[in-house]
Structures are given as C-alpha cells and as structure tokens.
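In: Everything below, folded, please.
(one chain, ligands or ions: 4)
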Amino acid sequence: MRVDKADVADMLRELAELTIVEEGDPQSFRVRAYESARHAVEAYGGELVDLSAAALQKVPGIGKSTAAKIRELVEQGRVAKLDELREKHPPGVLALLRLPGVGPKAVARLRAELGVHGPDELRAAIARHALRDLKGFGPKSEEKLARALERLGGEGERRTPISVALPLAVRICARLSAVPGVERAAYCGSLRRFSETVGDLDIVAATEDGAPVMQEALSMPIVDRVLSRGDTRASFVTRAGLQVDLRVVAPHQIGAAMLYFTGSKGHNIKLRQRAIDRGWTLNEYALADAATGDVVASRSEADIYEALGLSFIHPAQREDAGEIELAEKGNLPRVVSSESLIGDFHVHTSLSGDARSSLEEIVSAARARGYRVLAITDHAEGLPANGVGADALRAQRDQIRALQRELGDAMTLLWGVELNIGPHGELDYDAELRSELDFGLASIHDHFDLDEARQTARVVKAMEDPAVKMIGHLSARMIGARPPVPLDVPAVLAAAERTGTALEINGGLPRLDVSVDVLRRARDRGVRFVLTSDAHKDVELGRIEYAALNATRAWVDPDRIVNTWERSRLEAWARSKSAP
Ligand code: DGT
Ligand code: CA
Ligand code: CA
Ligand code: ZN
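Out: Ligands and ions are numbered 1, 2, ... in the order given. Got it, this is the predicted structure:
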C-alpha cells in the first residue's frame, strides 16, 4: 500500500475526531495537536511522506508523536493508536457526534445509559421516547434529533454530500492517472453533473492494460471493503461509506464510456434513441453502425454529439430537461465560464475568527486569478467568536486603502463586510458605519428555527437596507447536515427585484446556496446574481468555479451574473444599489 499526503491528512482527521470522543473534549491538547498537524500537512508544498521523523518534526505544526504516527502509517500502512481508537469507538459513534447539537459528552451518555452506539439505535431510542428523561436531553432535543436523523436517511438510502464526494473523487482520479499506461482517469455519474448529493462514484480509466490500475485502486488506503472485482470493472466501499464503481476501457473508447457513465439516465435514453433513428447503436464502448458494427465515433464525447447532430452539451446540463432539443437547434443555455469572472464579492481574511489567510495573502491570490475587483467581507461584530468590532473594521479600511495605493489600477479593493441578519432583520453596527462601507452583504447565521413568515420578513427587511447589496447564502443550509430555512421564495425574489438586491450563488461545497432549485425558479425574473467563493483561506478562492457550475446547471444566463460584467459597470453596481 502506497500512502500519500491526503491519506496522512485523513489519518489525522480521524485521530482528532476519535480523540474528541475518547477524551470528551473537542478542545483538548491532543485534539488541537492533531488538528494543527493536519492543517500543516494540507498546507505543505510537496510530498511529505518521504520525510524522516526528524524532518517531519521541523515542519511547523507537527510534533514528535505526530511525526512518529506519520512514519508508522507510511511504513506499515496502519497506525496502532488509530486501530485502538477505532476498536473502542465504532463508526456509528462518529455519526452521532456529527449530529447537530450532539457533543462528546452527550455521545458518552447515550452510550453508557441507553446503549446507543449509532444513528439506527438512536432512532429506535427516540421512537420509545427514551431521551425525554435523559440528562442533557428532553422532548425538544428528541424532536430536533428525529428531524436530523430523517435527513440522514436509513441504511442503504444514504446519499453523500458533494463536499465529501468531490474531493474524494479528485484524489482517486489523481492516483489512478499516475499509474503507468493510464491516459486518463475521470469521475462521471451524478458528481460530474454536479449534483448536490451522490449515490455513488462512477470512475472511468482509459488504458490498454487494466491490471495495474485495478491493483492500484483496490490497494488505496481509503478502501474499506471490496464488493467485486474483475478485469475491467470493480466496486468498493471507502472508509467514508461511499461506494465507487470503477470501469476500465481502452483509450479510444473513453469518450463513449464517459458519455454513458455521466448520464443522466434520461439523457442517455434520448441519445440512444437518436442513434437508433440513424441506424446506429450507442453504448459505453462506441457509437457504431447497427448493421456492420463499424465505429462512427468513440474517442471523445464531442465527436459523438457531433455525429448525432447535436452541439456539445455541458455535463451539468445533461438532466433531460429539454437540453437535447435545444442542442439540436444550436440553442443551448450558455455556459458560465470561470474565465469570464473578474471579481469576487465574499471573501474573509484572518480578521474573521474562522478564516486563515491574511489580507495580503488573499489579495495576492486574487491577483493571481486575474481579478480586477475584490470585496473584502469579514464577519460583522454580531457573529459570536468570529465577528469584527467597529474599531477593528475601521482599522481594516486603512489597511485596505494603503494596499490599494500599492495596487494602483491593477485591481479595485472594496472595503466590505458580511452583516448578520437578526431575527427581525436587524443588522450589525450603526447605520452610519454601514453607509461608509464600499460594499455590504447580509446573511443568516442563526435563528434557523423561525417559521416561514418570519424568515421571509427578516430577509426582506435586510434587503431594504441601503448598505445591503447582496444576500449571502440565502437559505443557510448545509447540504446533508442542516436543512434550508423555510422561505416564501416568490416573495423573496420580488423583494430582491424591488430593492435592487442581488442574490449570492455561494460556491462553498457544503452550502451551494442559493440552490439550483431556487435559481431555476428565478429564471424568469429580473433578479441579479453574484458568484462568490466565500473563501476562508486563499486557496478557497477557486470555489467560485463551483458557483459557476451551479449557475450553468440552472441555465442562468451569464448576463444576469454581475461578476461577468465589464469592470466599470461592476464597480458602480457594488458601490450603489441604484446603479444600472
Ligand atoms: P447517483 O449515483 O444515484 O447519484 O446517480 P447517477 O446518475 O450517478 O447514477 P448511477 O451511478 O446509477 O449510474 C451512472 C450512470 O450510468 C447514469 O447516470 C447513467 C448510466 N446508467 C446507469 N444505468 C443506466 C441504464 O439503465 N440505462 C442507461 N442508458 N444508462 C444508465
Ligand atoms: Ca453514481
Ligand atoms: Ca454507479
Ligand atoms: Zn462568509
């Protein structure tokens, strides 16, 4: 087994989680040591599995005992301490810990007093109202947990959030691509179509010789158990509980294979019908003549679409929602390309308690992306632990102005903030400070339990404030973890139009908010959208590309997206709500 940097980070994350359960304290010395080591590993430029224990200890954030565990993983493929903790705390226990409002103490109580060691047992305990009289719980938390468990789904019907699936798929593909002889390894299926949750991963690898890639895939440290294996196909389950279907094809077949395994099923069925109408067959190997078997096209998806008389359909638009008919007329919804984006309007610096990069680091990363406009939007003072007080915010303005003088005309920096929308739509600071800002957005960060009328009213109230140019992550959902707050969507869209407030398309994978569903409902309205990364460190600026994918998926026209506008129009929009 060959271990890489991401496997080391996995190990440290799991050690941290299990140690929280073990010690009953999310802030213990050991937990923090594992966490800071993980951040150090993730930030380390280059492959650190070749470093000796002594060299590892020189990396800031990695201590002596962590260095020893990294060497143990690299040399033996396993870590004794981790095995011991896994033995004591089975996977269900970590699933409990991830439920909203459940900390390590509550987990310990559930286990000791009710014998509950996982979500399914918790569901049963709630059904017999066993939590009502348990210390630290009660009828209210019983209700809340029941709802959280409902969202989690039962065994077998669990879908994995894209925030977990995408990084895992990228890692697997990078590993398989590095196997000698492999021309390409790509994830397909619902993930390539950019679905919010996926049932499983579908990965296709192109090579003349399948054996080495199969060997590599099934010996990756992330593999928990192998379900089936053959010469050209295998299925396995990862430690994260996600199933992976792997197919190996010859390089000249990769286009047909990717087209087939990307789907959607409905899209494929329509394509196959078009092939049949032309006297051809279409399967995962080729578009071919039905009578002679001669291949018409197979090497690339574009060749196949072209042969079928269609323009190329972006994977995010293959949902059988009328795209084939539009492609036939050359009339597909336009793709929102990341190259067309010239700025970001939701970015944090280390002034926010939950962010990691300095103002200078964020600005230089934005320059590297070729941006011409950047709004710095740290958390406003009302956010517990992470917010910025009025004095510190004004001090940041001076810093931003100084940096602007150095930048000259290369890029416009906007002094902004992410305001918190209170339960009645009230906002942070006073109106005077808010009016001084170059740019403001406002987001819901609490009071998720209010009813639809109140949620709608608080958002509409915030939109009426002149400082609020944009609403951040409208529904406040966390995919797979927290449901969207209930909202009267038509009323919110109408208020956005009336007040000239834009809606954010947040590219953070846990959020992807506003959702594709809301975007589709807004398609026929005049609302403007802003793509953002909501970056909490410099490397996260790239998340804006996920926002672009979501806009493409929802058929939002690029003209409606302010980041694609020309610079002067963009700046005018950011500074004043009334600007065209
Ligand atoms: P998921 O995994 O539930 O999130 O959704 P998908 O779309 O990834 O579905 P999956 O993994 O069952 O199959 C992957 C792709 O394979 C699917 O998008 C299209 C193709 N496919 C699967 N079953 C069929 C089928 O019965 N007919 C056709 N034409 N294509 C299929
Ligand atoms: Ca799938
Ligand atoms: Ca599948
Ligand atoms: Zn934010």
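In: Give the residue spans of this protein that score low on pLDDT.
Out: Counting by pLDDT under 70, the chain shows low-confidence ranges at 153-157, 578-580.
In: Go again with 80.
Out: Applying pLDDT under 80 to the chain flags residues 1, 100, 151-157, 578-580.
In: where's the spatially most central residue of it, which helix or strand?
Out: Most central in the chain under CA atoms, centre = their mean is residue 509, positioned 1.5 Å from the mean C-alpha point. Residue 509 belongs to no helix or strand when assigned by DSSP states H and E.
In: how near is it to residue 312?
Out: From residue 509 over to residue 312 the distance is 26 Å, taken as CB to CB, to the nearest Å. Yep, even glycine has a C-beta here, placed from its N, CA and C like the rest.
In: Then residue 262?
Out: 13 Å.
In: the more surrounded of those two?
Out: Between residue 262 and residue 312, counting by other CB atoms under 10 Å, residue 262 is the more crowded of the two (23 against 14).
In: quick one: contacts for that one?
Out: Neighbour list for residue 262: 188, 189, 192, 193, 202, 315, 318 [criterion: CB atoms under 8 Å, 6 or more residues apart in numbering].
In: now do 6 Å
Out: Shown in contact with residue 262 (CB atoms under 6 Å, 6 or more residues apart in numbering): 188, 192, 315.
In: ok, the first one - how many residues close by?
Out: A count of neighbours around residue 188, defined by other CB under 10 Å, yields 22.
In: try the last one
Out: The local packing count at residue 315 equals 22, with neighbours defined by other CB under 10 Å.
In: helix, strand or coil for residue 330?
Out: Secondary structure for residue 330, judged by DSSP: H, G, I helix; E, B strand; the rest coil, is coil.
In: Let me see the backbone angles for it.
Out: phi 70, psi 30 (degrees, to the nearest 10).
In: Could you check how far the residue lying closest to it once chain neighbours are set aside is from residue 532?
Out: Spatial nearest neighbour of residue 330, chain neighbours left out: residue 311 (5.4 Å); criterion: CB to CB, 6 or more residues apart in numbering. Distance of residue 311 to residue 532, given as CB to CB: 30 Å.
In: Between those two, which is the more surrounded one?
Out: Legend: neighbour count by other CB under 10 Å for residue 311 and residue 532, higher for residue 532 (28 against 14).
In: Within its local environment, how many residues does the nearest residue to that one once chain neighbours are set aside see?
Out: Leaving aside its chain neighbours, residue 532 sits nearest to residue 346 (3.6 Å; criterion: CB to CB, 6+ apart). Residue 346 has 27 neighbouring residues, counting by other CB under 10 Å.
In: still on that earlier bit, and the gap between the residue nearest to residue 330 and residue 162?
Out: Distance from residue 311 to residue 162, by CB to CB: 27 Å.
In: From ligand 4, how far out is residue 349?
Out: As judged by CB to the ion, to the nearest Å, residue 349 and ligand 4 stand 11 Å apart.
In: how many other residues sit next to that residue?
Out: Residue 349: 25 surrounding residues under other CB under 10 Å.
In: what do you get for the one 4 residues further on?
Out: Applying the criterion other CB under 10 Å, we find 14 residues in the vicinity of residue 353.
In: residues touching it, list them.
Out: So residue 353 contacts 385, 386 (CB under 6 Å, 6+ apart).
In: now do residue 547
Out: Contacts of residue 547 by CB under 6 Å, 6+ apart are 505, 507, 531.
In: Apply 7 Å and report the result again.
Out: For residue 547, the contact set (CB atoms under 7 Å, 6 or more residues apart in numbering) comprises 505, 506, 507, 531, 532.
In: Contact residues of the stretch 101-250 of the chain facing ligand 2?
Out: Residues of the stretch 101-250 of the chain found near ligand 2 (CB under 5 Å from the ion) are 189, 190, 200, 202.
In: residues touching the residue of the stretch 151-300 of the chain found nearest ligand 4, list them.
Out: Distances between the stretch 151-300 of the chain and ligand 4 by CB to the ion are smallest at residue 163, namely 15.7 Å. Contact analysis of residue 163 by CB under 7 Å, 6+ apart lists 479, 509, 510.
In: That one is in what secondary structure piece?
Out: For residue 163, the enclosing helix or strand under DSSP H and E is helix 162-177.
In: Residue 376 too?
Out: strand 373-379.
In: can I get the CA coordinates of whatever helix or strand comes next after that strand in CSV?
Out: Using DSSP H and E, the helix or strand that follows strand 373-379 in sequence is helix 390-407. The C-alpha trace of helix 390-407 is given here as CSV (Å, rounded to 0.1, in the frame of the first residue of the first chain):
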residue,chain,number,x,y,z
ALA,A,390,-16.4,48.6,14.7
ASP,A,391,-12.9,49.8,15.6
ALA,A,392,-11.1,46.8,14.1
LEU,A,393,-13.3,47.2,10.9
ARG,A,394,-12.4,50.8,10.5
ALA,A,395,-8.7,49.9,11.1
GLN,A,396,-9.0,47.4,8.3
ARG,A,397,-10.3,50.2,6.0
ASP,A,398,-7.0,52.0,6.4
GLN,A,399,-5.1,48.8,5.6
ILE,A,400,-7.2,48.3,2.5
ARG,A,401,-6.7,51.9,1.3
ALA,A,402,-2.9,51.5,1.8
LEU,A,403,-2.9,48.3,-0.2
GLN,A,404,-4.9,50.0,-2.9
ARG,A,405,-2.3,52.6,-3.3
GLU,A,406,0.3,49.9,-3.9
LEU,A,407,-2.0,48.1,-6.4
